[in-house]
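Participant: sequence first, then the predicted structure, then my questions.
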Amino acid sequence: MTTATSLFQREDKNGNMWLALNEPVLASTTDHGIEPIVLPSEADVGEAMFKELLSTAEAKTGDINIALLGGRGAQQLHRLLGEKAATNEIDELLARLNVFTQDALAPLAMGNGLSFVRDFERILGEAFFAKIKSFTPMQTDTPDLEGALTDYLNKLESLGGLDIFFIGHGPEANDASHLAYIKPFSGARAHHMAGIIPISSSILEHHISKFKAGGSEISAEDEAQCRTAQYILTLGPAAILGAKKVVQSVVDADTAPAKISTYAKVRQTSLPQDEKELAGLLDANPGLWIRLHSNVKSFVLPNVTSPNN
């Protein structure tokens, strides 16, 4: 339940609950397009993502606020960070990091093998979490999901929002796609910071399959509990568009070949000038939200694109 001191107000849309800033910042509807940066390997993508973090650290003083990307998309970045955290090479950088998760399934035990928290701990390692300034996951094991999500957003806003939103690209039916876990027809609008929305079978299966593709060892008990999850917790368009930089990674078309056509759809779709038409298109294909951000790096492997895409 939101409180009188909250920065956010609740909006319900067809069974989907979104939290919006009480005084929303108007988002630009300018289409910046998206141009993939094709790199030869996942290791190269991880290195490129790390360089984006370094460039942000060099360009500003003080804290750096980032949203981690779960699943296979950022695993090479996380391995690199974990390896460096085990030395003293980037201790100064790590001490500046406020780290947030960006999506989750709920209700789910925080220690479930299909929890992003557990996956991040597995790959980033103990030294990383011991050295960063703070770690704020979305709470999935509380009966008050809305209250916990509001607390999460209040902390994010108190720190000045995200410097880097590390984001992926998830396939949906009809060549649509999701960003974070903003699923099609969930009513997401530009002023929505985060949502609690009914889970879809496509996102549930995508979630489980990307963990398995990423090498996570999932017990039958953990998978059974995950399949009882009722909701998706996700950062919304306002968090994406409000981030100072968006760094996208699409590296798993070998295990999720639908991403080839859905990523092409994001690149090739014409965005209408009419605001109502644009809102409808973004609701049908949330992957298009990334086109409205002016500072995006989209790193992909060669199998994601082709001469015809």
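Facilitator: Perfect, thanks for sending it.

Participant: low-confidence stretches in the stretch 151-300 of the chain?
Facilitator: Judged against pLDDT under 70, the stretch 151-300 of the chain has no low-scoring part.

Participant: now with 90?
Facilitator: Within the stretch 151-300 of the chain, the ranges that satisfy pLDDT under 90 run 200-203, 206-207, 209-218, 255-256.

Participant: let me see the ranges of the helices in it.
Facilitator: 201-213, 220-226, 237-242, 258-268, 275-284 (DSSP state H, counting those that start in this stretch).

Participant: please enumerate residues in contact with the third one?
Facilitator: By that I understand helix 237-242. 20-21, 24-25, 27-28, 67, 102, 156, 161-162, 165, 167, 179-180, 182, 188-194, 246, 282, 286, 289-290, 292-293 (Cβ atoms under 8 Å, 6 or more residues apart in numbering). Where you see a C-beta, it was placed from the backbone N, CA and C, and this is true even at glycine.

Participant: now list the buried members of those.
Facilitator: Listed as buried from the contacts of helix 237-242 are 20-21, 24, 27, 67, 102, 156, 161-162, 165, 167, 179-180, 182, 188-194, 246, 282, 286, 289-290, 292-293; burial here means 16 or more other Cβ atoms under 10 Å.

Participant: what's the burial count for the closest residue to residue 160 other than its chain neighbours?
Facilitator: Excluding the flanking residues, the one nearest residue 160 by Cβ to Cβ, 6 or more residues apart in numbering is residue 65, at 6.7 Å. Applying other Cβ atoms under 10 Å, we find 25 residues neighbouring residue 65.

Participant: hmm, residue 100 and residue 65 touching each other?
Facilitator: Yes. Taking Cβ atoms under 8 Å as the definition, residue 65 is a contact partner of residue 100 at 7.0 Å.

Participant: overlap of the contact sets of these two?
Facilitator: What both residue 65 and residue 100 touch, as defined by Cβ under 8 Å, 6+ apart, is the set 156, 162.

Participant: which residues touch the helix ranked longest in the chain?
Facilitator: Longest among the helix segments of the chain by residue count, using DSSP state H, is helix 42-59. Outside helix 42-59, the residues that touch it by Cβ under 8 Å, 6+ apart are 37, 39, 64, 66, 74-81, 93, 96, 163-164, 166, 244-245, 247, 249, 251, 297, 299-301.
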